[in-house]
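**Student:** kindly return the folded structure for what I paste below:
(one chain, ligands or ions: 1)
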Amino acid sequence: MIPDDQSVYDRPLAELDPELSELMDGELARQRTTLDLVASESVPPRAVLEAQGSILTAKYADGFPGRREYDTCEWIDEIEQLAIDRAKALFHADHANVQPYSGSNANLAVLHALCDPGDPILGWDFAHGGHATHGWSETFAGRFYKPAAYGVRREDRLVDMEQVEALAKAHRPKLVFAGWSCYSRWVDFRRFREICDEVGAYLVVDMAHFSGLVAAGLHPDPVPYADACTLTVHKTLGGARGGAILCRTELAERVDAAVFPGEQGCPLPHVIAAQAVTFAIAATDGFRERMARTLAGSSVMADALVAAAGRTQATVVTGGTDVHQFLVDLAPSGREANAVLAQLNSLGISANAIRLAFDEAEEPGASGLRIGANPLAARGLGPAEFAVIGELLADALEDRSGARSGELRRRILALLEGFPLYQFI
Ligand code: DSN
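**Tutor:** Residues are numbered from 1 along each chain as shown. Have a look, this model is predicted:
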């Protein structure tokens, strides 16, 4: 029973609401015993959890540091300014807005800032690994703007820059999105810039996935080429749930006005504080080492699956990876990806089933897997362990009958035991 008195404000969750608390304990136990290969997830450090679960959640602070619509924002002003300054320093950006609630909201705000409803835009096709909010018909970007989409080439599955150029010339977009959700190779931001300059379009790079790699200096930096960059802070950056926008000084006022009051109400001060500590952590040598280990892990797992293609009947798209994730094509094996994912889940492996570009299957299934190294690298695993995981994945893909399930589950638990998640809980 929830107490009726004032003690409701001081009781710990486990005492106040054991029902919810037990569910949360269940999720923690799942995280501890799951081999997390979801490329967009990470392990938020304790300090991030403390900031994001803090008393800051109580404060209204519509507006920006020094210009709020609520009084008594002196501490919130300093906290937000700290997050802004750290984001600018980390990414060498002119301006940062740390208020978007998510990456989708950041994209919404950038469209609002730089385009008028009905304007033509050009984005990376969602069906070819792009983000939904770059123009897919089911999202605001597809409904309120006039989208065209480029994709990857059939022959090598690399982004088709000739198509980008041709579409840009034919469609005359006001804004071009670059950046991906399901792709595993570097993108030529300079070429995107040249194409945008040819047609007079803004270039917006969505670096939600690779922002941590950029911060660590281990991925081409889009900031010098883009008019604006959008990002999430909880993928490779490894921290607070939430989004951010970086942009050139000339666009700062428009971007800020599009975020508030254009698209959002009150910022989330607790999330902004958690972003501030995330950016501080991301500026350290330790973070750079974790990102290097993430890249090594992704590459080692991809190599193991390339070597095992004969027995798994699954191939690695583009033959490998430059980033924290890679894609597996299950089509040669004749297996549907959601069924394969269900098998992996039953072993305690978490990943993503995706529909790959040029998937010609008539059924609405998925043909591929997206495998990422970020959460496990954050947990401390290195190349030796990722090599073991590559073998585990190959064994699991080969084991169609499930005859080896018990053995595979034991191997996973033994591996994870050496890397406990959160010592403080
Ligand atoms: N949902 C994200 C992902 O998993 O890639 C896209 O933002």
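**Student:** show me the shaky parts of the protein.
**Tutor:** Residue ranges of the chain with pLDDT under 70: 362.
**Student:** close to the ligand: what parts of it are there?
**Tutor:** Within the chain, the residues that sit near the ligand (CB under 6 Å from any ligand atom) are Ser40, Gly103, His131, Ser181, Ala208. Where C-beta positions appear, they are placed from N, C-alpha and C, glycine not excepted.
**Student:** need the max-distance pair from those.
**Tutor:** Pairwise distances across the residues of the chain next to the ligand (CB to CB) peak at 10.7 Å, for the pair Ser40 and His131.
**Student:** so where do the strands sit in the stretch 201-350 of the chain?
**Tutor:** Secondary structure of the stretch 201-350 of the chain (DSSP state E, counting those that start in this stretch): strands at 202-206, 228-232, 243-247, 315-316, 325-329, 349-350.
**Student:** can you classify Arg191 by secondary structure?
**Tutor:** helix (DSSP: H, G, I helix; E, B strand; the rest coil).
**Student:** dump the residue contacts of it.
**Tutor:** If a contact means CB atoms under 8 Å, 6 or more residues apart in numbering, then Arg191 has Met161, Val164 as its contacts.
**Student:** and with 6 Å instead?
**Tutor:** Going by CB atoms under 6 Å, 6 or more residues apart in numbering, Arg191 touches Met161.
**Student:** equivalent analysis for Glu417, please.
**Tutor:** No contacts exist for Glu417 under CB under 6 Å, 6+ apart.
**Student:** can you check which helix is longest in this structure?
**Tutor:** For the chain, the helix with the greatest residue count under DSSP state H is helix 285-307.
**Student:** residues of it that come out buried?
**Tutor:** Neighbour-count burial for helix 285-307 flags 287-288, 290-306 (criterion: 16 or more other CB atoms under 10 Å).
**Student:** for the stretch 151-300 of the chain, give the residue positioned nearest to the ligand.
**Tutor:** Of all residues in the stretch 151-300 of the chain, the one sitting closest to the ligand is Ser181 (3.7 Å; CB to the nearest ligand atom).
**Student:** circling back to that earlier point, what is the longest helix of the chain packed up against?
**Tutor:** Here helix 285-307 touches strand 315-316, helix 374-378, helix 383-398, going by 3 or more CB pairs under 6 Å, 6 or more residues apart in numbering; DSSP states H and E.
**Student:** any idea which of those is most buried?
**Tutor:** Of those, the one with the most neighbours on average (mean count of other CB atoms under 10 Å) is helix 374-378, at a mean of 27.
**Student:** name the helices or strands packed onto it?
**Tutor:** Other elements packing on helix 374-378 under the criterion 3+ CB pairs under 6 Å, 6+ apart are helix 285-307.
**Student:** excluding chain neighbours, what is closest to Cys73?
**Tutor:** Ala61 (4.8 Å; CB to CB, 6 or more residues apart in numbering).
**Student:** where does that neighbour sit: helix, strand or coil?
**Tutor:** Using three-state DSSP, the structure places Ala61 in coil.
**Student:** same question, Glu78
**Tutor:** Glu78 - assigned by three-state DSSP - is helix.
**Student:** burial count for it?
**Tutor:** Using other CB atoms under 10 Å, Glu78 is surrounded by 12 other residues.
**Student:** find the nearest non-adjacent residue to it, please.
**Tutor:** Pro65 (7.7 Å).
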